[in-house]
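# Would you be able to build a 3D model of this:
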Amino acid sequence: MSTTNYLEANFIKESEFNRFGLISIILLVVGCFGGVAVGLGAIKYVPTLILVVVPTMTTLSLLLAVAPMKWIWRGAILSVSIDTILILYFLLVK
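Residues are numbered from 1 along each chain as shown. Alright, predicted model coming up:
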């Protein structure tokens, strides 16, 4: 097994052990980033609103469903990445 796979497996194992603490942090970060992105201008355009809402609600649904932490991390990273890009866009361009 390569070092990267070992580190990823160890990270996921530790995430599963610390699930409830991480859920509260992920909930706060994903929710706040989504709210800021919508508040800065995503609400004005349907495509950007969809781009923010779908990954954010998917991540929050995975948290509520007590899905595996691997799925939750992927959804959270995707959601925060999209939100960050849109926040920067609305702050710098608009």
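
# and the gap between V54 and S61?
As judged by CB to CB, to the nearest Å, V54 and S61 stand 10 Å apart. For the C-beta atoms, the positions are set from N, CA and C on the backbone; glycine is no exception.

# Is the residue most central in space within the chain in a helix, a strand, or coil?
Compute the mean C-alpha point of the chain, and by CA atoms, centre = their mean the closest residue is A76, 2.1 Å away. What DSSP: H, G, I helix; E, B strand; the rest coil gives for A76 is helix.

# Can you tell me how far V93 is from N10?
Looking at V93 against N10, where the rule is CB to CB, the gap reads 40 Å.

# Pick out whichever of those two has more residues nearby.
For V93 against N10, the residue with the higher neighbour count under other CB atoms under 10 Å is N10, and the figures read 10 against 7.

# residues touching that one, list them.
Under the criterion of CB atoms under 8 Å, 6 or more residues apart in numbering, N10 has no neighbours.

# returning to what we had before: pretty sure the residue nearest to the centre of the chain contacts L27?
No - A76 lies out of contact with L27 (CB atoms under 8 Å); the separation is 9.3 Å.

# need the contact list for the residue nearest to the centre of the chain.
Taking CB under 8 Å, 6+ apart as the definition of contact, the neighbours of A76 are 26, 29-30, 59.

# Is it possible to get a markdown table of these that adds neighbour count?
Compiled in a markdown table, the contacts of A76 are given as follows (neighbours: other CB atoms under 10 Å):
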| residue | neighbour count |
| --- | --- |
| I26 | 23 |
| V29 | 15 |
| V30 | 25 |
| T59 | 27 |
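
# Where do the helices of the protein begin and end?
Listed in chain order, the helices of the chain (DSSP state H) span residues 3-17, 19-40, 46-64, 69-92.

# And the residue nearest to the centre of the chain, how close does it get to M69?
Using CB to CB, A76 is found at 10 Å from M69.

# same deal with T84?
As it turns out, when the distance is counted by CB to CB, T84 lies 21 Å from M69.
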